[in-house]
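Enquirer: Show me the folded form of this:
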Amino acid sequence: MPVAAGSTATIPYPPMTQNYHYEAELVVAIGKGGRDIATQEAADHVYGYAVGLDMTRRDLQIAAREKGRPWEVGKAFDFSAPIAPITRRADAAGVNQAGIVLEVDGTVRQQSTIGHLIWSVDEVIANLSSLFTLQPGDLIFTGTPEGVGAVSAGQTLVVKIDGLTPLSVRID
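Expert: A predicted model of the protein is given here:
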């Protein structure tokens, strides 16, 4: 669900959960497809970047994991992945080391840099392209810094990554 720059999107608290979590993430938009992309060539496949939220029904995810079942019901549901407008790669210099911050009702809950994530953006693209053929228009969520946590109806989340359009979402 794309969110217009300068606005706050309202998304519903999802059904069937009592433990709804946020994860601030850098989103990569693929511009040139490929398979088995070398890490050193990965950036050539990027169209641009956006700020995103990977929302999770954590209780459903954990219950599925404990039963050895797929996690889809915890990770894939309506409004589970809002993103801000995409910034073209040429206009997003330094994004691989950019600061990332998530605030809930004005209180910082996650704060780090993209460079501190477990895998670099280029490594994520290379690894995924060994499993799937990447296509133009694919969106890749690249991981989140420490500090994920629960959110309740009525709260507002703001995610900022240096050099990109911020994302603001209110949970209804």
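
Enquirer: Would you map the strands across this structure?
Expert: Assigned by DSSP state E, the strands in the chain fall at 8-11, 20-22, 24-30, 46-53, 56-57, 87-88, 99-104, 107-113, 139-141, 149-150, 156-161, 167-171.

Enquirer: So which of those strands is nearest Glu72?
Expert: Glu72 sits nearest to strand 56-57 of all the strands of the chain, at 10.4 Å, using CB to CB. The way it works is simple: take the backbone N, C-alpha and C, and place the C-beta from them, glycine included.

Enquirer: who's in contact with that closest one?
Expert: The list of residues contacting strand 56-57 from outside it, by CB atoms under 8 Å, 6 or more residues apart in numbering, reads 14, 16-17, 19-23, 73-75, 77, 80, 148.

Enquirer: Direction included, what does that strand pair against?
Expert: Strand 56-57 sits in its sheet next to strand 20-22 (antiparallel), going by DSSP bridges.

Enquirer: what about the longest helix in this protein?
Expert: Ranked by residue count and defined by DSSP state H, the top helix of the chain is helix 121-131.

Enquirer: rewinding a little: of the contacts of strand 56-57, buried ones?
Expert: Neighbour counting with 16 or more other CB atoms under 10 Å marks Pro14, Thr17, Tyr20, His21, Tyr22, Glu23, Gly74, Lys75, Phe77, Ser80, Val148 as buried within the contacts of strand 56-57.

Enquirer: Give me the subset of these that lies in helices.
Expert: Assigned to helices by DSSP H, the following of the buried ones among the contacts of strand 56-57 qualify: Gly74, Lys75.

Enquirer: Could I get the contacts of strand 56-57 in a markdown table, plus columns for pLDDT and distance to Gln97?
Expert: Below are those laid out as a markdown table (pLDDT from 0 to 100; distance: CB to CB, whole Å):
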| residue | pLDDT | distance to Gln97 |
| --- | --- | --- |
| Pro14 | 96 | 33 |
| Met16 | 94 | 39 |
| Thr17 | 95 | 35 |
| Asn19 | 97 | 33 |
| Tyr20 | 97 | 30 |
| His21 | 97 | 26 |
| Tyr22 | 97 | 23 |
| Glu23 | 97 | 20 |
| Val73 | 91 | 35 |
| Gly74 | 92 | 31 |
| Lys75 | 92 | 27 |
| Phe77 | 94 | 32 |
| Ser80 | 96 | 28 |
| Val148 | 95 | 21 |
